[in-house]
Structures are given as structure tokens and as C-alpha cells.
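Chemist: I would like the atomic coordinates for the input below:
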Amino acid sequence: MNQTVILGALELGGIFAILSLGLYISYKVLNLPDLTVDGSFALGCAVSGMFTINSMPYVGLIGSFVIGAAAGVVTGLLITKFKIMPLLSGILTMTGLYSINLAIMNDTPNLSLFGNNTIFSSFTAFDPYGKIILIYLIVIVICVILDFFLRTQLGLSLRACGDNEDMVRASSIDTDKMKILGLALANGLVAMSGAVFAQHQSFADISSGTGMMVIG
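Modeler: Next up, the predicted model:
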């Protein structure tokens, strides 16, 4: 019993670590308070759930990242092009995503994935450690890619944009594009976290994103 509880906690910790990496980009790198997170997490759950039902769980992870990034782009455009405050921009996107998530899930508030193959089905041979092995493999791969990206010229420009926007603008770097890119990357990771969460829990719920910003 104790082993099950500990493994469950570690598995959820790994899933929320992906979420935290997304929040790290928006809050620490870009220095932008992004409230889109609650909506994009549920978006990842919805997209992943629908792909899993159609026997494409791995495609669900990629699809959730892409669609989550699109949600981040919307928030970025509201901030940069429409000059709306970051907090309000995040709230607007998050509110709009509620209807979109509901539409993705065929107008049902929750989606059961029991009986469907998930990304964890291939790791049943390693039970009871199969899930935790896969989750932390995903976390490590994302950490390595993110670390590499933030050391590139584009990544350094993104980091500089959060540190000193005026200096970056003086260096002829488009700060608006950097913000949109950063928010897209952040929400893509948050949605991917939601995708893994849905397949881990074997259900997707329209309200599963509530409080995710605080958890992250």
C-alpha cells in the first residue's frame, strides 16, 4: 500500500514537472504572468483523450503540444498586438478555451479512457515501475531539449527579452516575436503535461486544469 502511494506521488510529481517547465519559461524567463495555463492544461487533456480513444496515444502528446502552443500564440498576440495586459490576456484565452475544450470532447464534460491503449501500455512489462520510468524519461528528454534551446542564439534572445526588454529592442531583436515564441513554448509544455496526465489517470475532464498554475 505504501509503495503504491509513494509511486503514485512520484508519477504525479513527474507529470507536474513538465507543467513547471512551461511555467518556468513564462514566469521566470519571460517575466510574464500567464493565466492561460489552466485552460491549456485542460486542452492537452482533451486532445490527448480524443487521440487515445482513436488508438493514437503518442500522436496525442505531439498534437497536444502543437495545439497548446497555438493557445500560447493567441495569448501572445493579445499582449503584443492588441496591447492587452498580460493577466487579462491569459484570462481571455483561458475562458475561450473552455468552449474549445468542450467542443474537442464532443460536448461532454468528461471522457473515459478505460480500456484504451495509452503510452503506458507498452511499459506494463516493467510494472509497478513502468509508468514512473516513462514519465521521467519524458521529463529528462524535455529538460535536455529545453536546456539546449535556451543556449542557442534564439534561446539567449528569449532570455534577454525577459531580463531587459529595452536593451533587446535596442539590439534590433523583435521583442514581440520573442514573447509570442516564449508563450507558445510554455503553453505547449503545459498542454503536453495535461496530455500525459489524462492518459495516466485514464480520463479527461473539462475542469481538470483548475488550479494548475498554483500547483506548477
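
Chemist: Enumerate the positions of the longest helix anywhere in the chain that are buried.
Modeler: Assignment by DSSP state H gives helix 175-201 as the longest helix of the chain. Buried positions in helix 175-201, judged by neighbour count with 16 or more other CB atoms under 10 Å: 175, 178-200. All C-beta spots, glycine's among them, are computed from the backbone N, C-alpha and C.

Chemist: Then stretch 198-216?
Modeler: Buried residues in stretch 198-216 (16+ other CB under 10 Å): 198-200, 202-206, 208-209, 212-213, 216.

Chemist: Among those, which pair sits farthest apart?
Modeler: 202 and 213 (24.2 Å; CB to CB).

Chemist: Beyond the longest helix of the chain, next helix or strand please.
Modeler: strand 203-205 (DSSP states H and E).

Chemist: neighbours of residue 81, just the number please.
Modeler: Each residue near residue 81 was counted by other CB atoms under 10 Å, and the total is 10.

Chemist: Was I right to think it contacts residue 177?
Modeler: No - using CB atoms under 8 Å, residue 81 is not in contact with residue 177; the gap is 11.0 Å.

Chemist: one step back: so which elements touch the longest helix of the chain?
Modeler: Helix 175-201 sits against helix 2-23, helix 37-53, helix 57-80, helix 130-150, helix 153-163, helix 165-170, with contacts defined as 3 or more CB pairs under 8 Å, 6 or more residues apart in numbering; DSSP states H and E.

Chemist: So which of those is nearest residue 103?
Modeler: Closest to residue 103 of the helices and strands packed on helix 175-201, according to CB to CB: helix 37-53, at 8.9 Å.

Chemist: Dump that closest one to PDB, restricted to CA.
Modeler: Provided in PDB are the C-alpha atoms of helix 37-53 (Å, rounded to 0.1, in the frame of the first residue of the first chain):
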ATOM      1  CA  VAL A  37      -2.200  27.700 -18.100                       C
ATOM      2  CA  ASP A  38      -5.500  26.500 -16.500                       C
ATOM      3  CA  GLY A  39      -7.000  26.400 -20.000                       C
ATOM      4  CA  SER A  40      -4.100  24.900 -21.900                       C
ATOM      5  CA  PHE A  41      -3.700  22.100 -19.400                       C
ATOM      6  CA  ALA A  42      -7.300  21.000 -19.900                       C
ATOM      7  CA  LEU A  43      -6.800  21.500 -23.700                       C
ATOM      8  CA  GLY A  44      -3.900  19.000 -23.500                       C
ATOM      9  CA  CYS A  45      -6.200  16.500 -21.600                       C
ATOM     10  CA  ALA A  46      -9.000  16.900 -24.200                       C
ATOM     11  CA  VAL A  47      -6.700  16.500 -27.300                       C
ATOM     12  CA  SER A  48      -4.800  13.600 -25.700                       C
ATOM     13  CA  GLY A  49      -8.100  11.900 -24.700                       C
ATOM     14  CA  MET A  50      -9.600  12.100 -28.200                       C
ATOM     15  CA  PHE A  51      -6.400  10.700 -29.900                       C
ATOM     16  CA  THR A  52      -6.200   7.900 -27.300                       C
ATOM     17  CA  ILE A  53      -9.800   6.900 -28.000                       C
END
